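Peer 1: Below is the sequence, then the predicted model.
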Amino acid sequence: MSRTRKNHPASFKAKVALSALREDAPVSDLALRYGIHATVIHRWKKEALASMEAGFSGKLDKMKGNHKTEIKELHAKIGQQSVELDFLLDASSRLGLGGVKK
């Protein structure tokens, strides 16, 4: 007998984690109320705290900035490789080596 794993939406996880952070009730009561194991609630609470710390410390802004520079570098690399490919296809067709254009 296999159990299917429950996939909870982010809004539900946030609601449960916020209840745990507020300490509205003991985690065991929250587990019964929401039908989730207490260890899952503890994990979501820990993840919520970590993401809040990252948001307040400015790590999220740094990560977004890094992604933008990474994307620019990757676009430049793609452009370079496309120029090289065109050059090699042209050179191989001139030499009669069977260069096939797209």
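Peer 2: Looks like it came in fine. Numbering: from 1, shown residues only.
Peer 1: all contacts plus neighbour counts: C-alpha atoms, from now on.
Peer 2: Noted.
Peer 1: what about the helices in this protein?
Peer 2: 10-22, 27-34, 38-57, 59-94 (DSSP state H).
Peer 1: Ser2 is nearest to which of these?
Peer 2: Closest to Ser2 of the helices of the chain, according to CA to CA: helix 38-57, at 19.8 Å.
Peer 1: Name the residues of that closest one that come out as buried.
Peer 2: The neighbour-count check on helix 38-57 (16 or more other CA atoms under 10 Å) flags 38, 41-42, 44-45, 48 as buried.
Peer 1: Could you do stretch 22-37 as well?
Peer 2: 27, 30-31.
Peer 1: got the angle between the helix or strand bottoming out on mean pLDDT in the chain and helix 38-57?
Peer 2: The least trusted helix or strand in the chain, going by mean pLDDT, DSSP states H and E, turns out to be helix 59-94, with a mean of 86. Per axes from the mean of the first three to the mean of the last three CA atoms, to 10 degrees, the angle that helix 59-94 makes with helix 38-57 is 80 degrees.
Peer 1: Going by neighbour count, list what's buried in helix 59-94.
Peer 2: 89-90.
Peer 1: Run the chain-centre distance for that helix.
Peer 2: Its chain's C-alpha centre lies 22 Å from the corresponding centre of helix 59-94 when counted by CA atoms, centre = their mean, to the nearest Å.
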